[in-house]
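Enquirer: This is a predicted model, with the sequence first.
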Amino acid sequence: LDALALARCYFNIVCMAPGFGYISALRTVCPQAVGAGKPCSLHYQRALILIMVGFLPALPCLLWSEQVMVAAGQPPDLAARAAPYALRLAPSYFGVVGMSATQRIFQAHGYNWANLAITLAVCALAPGLQWLLVHRLGLGYLGAAWAQSLYNSLYPLAQVPYLVWRGHGRCFVPQPPSQLLRRSALVEHLKLVAAGFWMVVLEWWVCEAIVMLSGLLAHPVACIGASTVVANLQALGCMGWIGVAVAASTTVGQYVGAGSVHLARRAAALSLVIGCALAATAAASLVAGATPIAGLFTTDGAISDLTAALMPLLGGVVLVDAANNALGGVCSGLGLQRWSAAGQLVGYYLVGMPAGCALAFGAAHRAERGIFFLWGGVGLSMLTAAAVQATAILRLDWSVAARTAARRLAKDED
């Protein structure tokens, strides 16, 4: 568990977080283009180019991952087991990030049931592939990495034919370089990517680093185990909040692209209310079922007890995480990724995590209770980021956002 947790944490930091940053502009431009009655093909193909180019700096980090982990203070034996697992996850980068880029087209056009059906089909195949590679072929824990890379590469087999059938085959036909790399449009796209990249990675890096920081506390096995369980529960909830964020960016973006400012405002408010209501229900469930939920993940008494003790704190984190994601989705729909990035920077790197680390490694002297300060820092970070984004949204002249969207889309016209 500890080696796999460290490997996935490292892989997410060097590959997945940057990868989702490279496609972040699609949350703005795809729904705005659909709202304005324009195609998404140029925006989509620019994102695919960035995915491929963006893997180049990540490759050395995977090839020498063991040395990097040891240099970051991780136990050498743990790093030695984690490194080969992380390397075998490399194909997942293209599978997951590429699939997510294609999903932006599905979401912008409202093909959500088809999107869900494709995802469920791949998920249904995952357990069988895991069993085949881990047990039947005897590849052990490394087989789990190969299986993940394999089933995450299956999405295009269904996504591409469906979009072609729905009349969006142009997205997969290489566009002329004169249009794809047109300077004014490319610069506009990269501006959105730059802000969106930092919006994604500043938060994701910290959430992954929590597991590594937990290993520096007293009783590292218990702390890493508990942090891994809490991080997985937080990530599970985050899938729901990301869904709310996608709905927010899609509906707000479509209405902004169509020039319907009042409907965009209504969609933004509704997204925030729905996200917070769902999160409150999830938080209450975590608090009420702390002990049995912890027991589902491990039979180790120390890890289970520490995990259960963290559940009330996790409930608060879940609530502010939902609000932060909903507001981030609204910002993406409006093209305000720079404010989301600023919120993550201030929240995680200037307020929340400095406070959490100071208390965990200073006031608590690296004791086991420091894990509560680390996760408290995460919650404070999210709350600060949400406040920054809410301020930007409330101060925005939404009619200006609609005009900006129209100018941006016009740069791709012949």
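Expert: Cool, got the structure.
Enquirer: helix, strand or coil for Gly37?
Expert: Under DSSP: H, G, I helix; E, B strand; the rest coil, Gly37 falls in the coil class.
Enquirer: likewise Leu236?
Expert: What three-state DSSP gives for Leu236 is helix.
Enquirer: Gly98 versus that one, what's the distance?
Expert: In this view, Leu236 and Gly98 are 23 Å apart by Cβ to Cβ, to the nearest Å. Using the backbone N, CA and C atoms, a C-beta is placed for each residue, glycine as well.
Enquirer: Pick out whichever of these two has more residues nearby.
Expert: Comparing Leu236 with Gly98 by other Cβ atoms under 10 Å, the one with more neighbours is Gly98, at 21 against 11.
Enquirer: after the host helix or strand of Ile51 comes which helix or strand?
Expert: Applying DSSP states H and E as the criterion places Ile51 in helix 41-63. Remark: after helix 41-63, the chain's next helix or strand is helix 65-71, criterion DSSP H and E.
Enquirer: and the residue nearest to Leu150 when sequence neighbours are not counted, what does it touch?
Expert: Among residues not flanking Leu150 along the chain, Leu129 sits closest, at 5.7 Å (Cβ to Cβ, 6 or more residues apart in numbering). Contacts for Leu129 (Cβ atoms under 8 Å, 6 or more residues apart in numbering) come out as 147, 150-151.
Enquirer: any idea how far Leu129 lies from Ala83?
Expert: According to Cβ to Cβ, Leu129 stands 23 Å off from Ala83.
Enquirer: same deal with Leu336?
Expert: 39 Å.
Enquirer: same thing with His168?
Expert: The value you get for His168 to Ala83, if Cβ to Cβ is used, is 40 Å.
Enquirer: Which residues belonging to stretch 234-244 are considered buried?
Expert: Using 16 or more other Cβ atoms under 10 Å as the test for burial, stretch 234-244 gives 234, 237-238, 240-244.
Enquirer: State the pLDDT value of the closest residue to His43 other than its chain neighbours.
Expert: Closest residue to His43 apart from its sequence neighbours, by Cβ to Cβ, 6+ apart: Val29 at 4.4 Å. In this model, Val29 is scored at 84, pLDDT.
Enquirer: For the helix or strand hosting Val29, name the packing helices and strands.
Expert: For Val29, the host element (DSSP H and E) is helix 26-35. Applying 3 or more Cβ pairs under 8 Å, 6 or more residues apart in numbering; DSSP states H and E, one finds that helix 26-35 contacts helix 41-63, helix 90-109, helix 183-214, helix 220-258, helix 301-334, helix 398-410.
Enquirer: what do you get if the cut-off is 6 Å, keeping everything else the same?
Expert: Other helices and strands packing on helix 26-35, by 3 or more Cβ pairs under 6 Å, 6 or more residues apart in numbering; DSSP states H and E, are helix 90-109, helix 220-258.
Enquirer: how about the ones you listed in a markdown table, adding distance to Ser381 and mean pLDDT?
Expert: Output for the helices and strands packed on helix 26-35, formatted as a markdown table (distance: least, Cβ to Cβ, whole Å; pLDDT from 0 to 100):
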| stretch | distance to Ser381 | mean pLDDT |
| --- | --- | --- |
| helix 90-109 | 24 | 92 |
| helix 220-258 | 12 | 85 |
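Enquirer: May I see these arranged in CSV, with distance to Ile51 as well?
Expert: As requested, these are exported to CSV (distance: least, Cβ to Cβ, whole Å):
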stretch, distance to Ile51
helix 90-109, 5
helix 220-258, 18
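Enquirer: what's the average pLDDT for stretch 319-336?
Expert: Per-residue pLDDT over stretch 319-336 has a mean of 90.
Enquirer: And stretch 276-284, by the same measure?
Expert: On average, stretch 276-284 scores 92.
Enquirer: do you know how far the residue nearest to His43 is from Tyr155?
Expert: Val29 is 21 Å from Tyr155, by Cβ to Cβ.
Enquirer: higher neighbour count, these two?
Expert: Under the neighbour definition other Cβ under 10 Å, Val29 and Tyr155 were set side by side, and Val29 has more, 30 against 20.
Enquirer: Could you list the low-pLDDT ranges of this structure?
Expert: Residue ranges of the chain with pLDDT under 70: 1-2, 412-414.
Enquirer: how does it look with 50?
Expert: The model of the chain has pLDDT under 50 over residues 414.
Enquirer: Ranking by neighbours, what's the top pick from the contacts of Leu129?
Expert: Ala147 (23 neighbours).
Enquirer: Enumerate every residue touching it.
Expert: Contacts for Ala147 (Cβ atoms under 6 Å, 6 or more residues apart in numbering) come out as 129-130, 133.
Enquirer: now with 10 Å?
Expert: Residues in contact with Ala147 (Cβ atoms under 10 Å, 6 or more residues apart in numbering) are 88, 125-134, 137, 139.
Enquirer: In a markdown table, list the residues you listed along with distance to Val187 and secondary structure.
Expert: Shown next, in a markdown table, are the contacts of Ala147 (distance: Cβ to Cβ, whole Å; DSSP: H, G, I helix; E, B strand; the rest coil):
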| residue | distance to Val187 | secondary structure |
| --- | --- | --- |
| Arg88 | 37 | helix |
| Leu125 | 41 | helix |
| Ala126 | 40 | helix |
| Pro127 | 45 | helix |
| Gly128 | 46 | helix |
| Leu129 | 42 | helix |
| Gln130 | 44 | helix |
| Trp131 | 49 | helix |
| Leu132 | 47 | helix |
| Leu133 | 44 | helix |
| Val134 | 47 | helix |
| Leu137 | 49 | coil |
| Leu139 | 46 | coil |
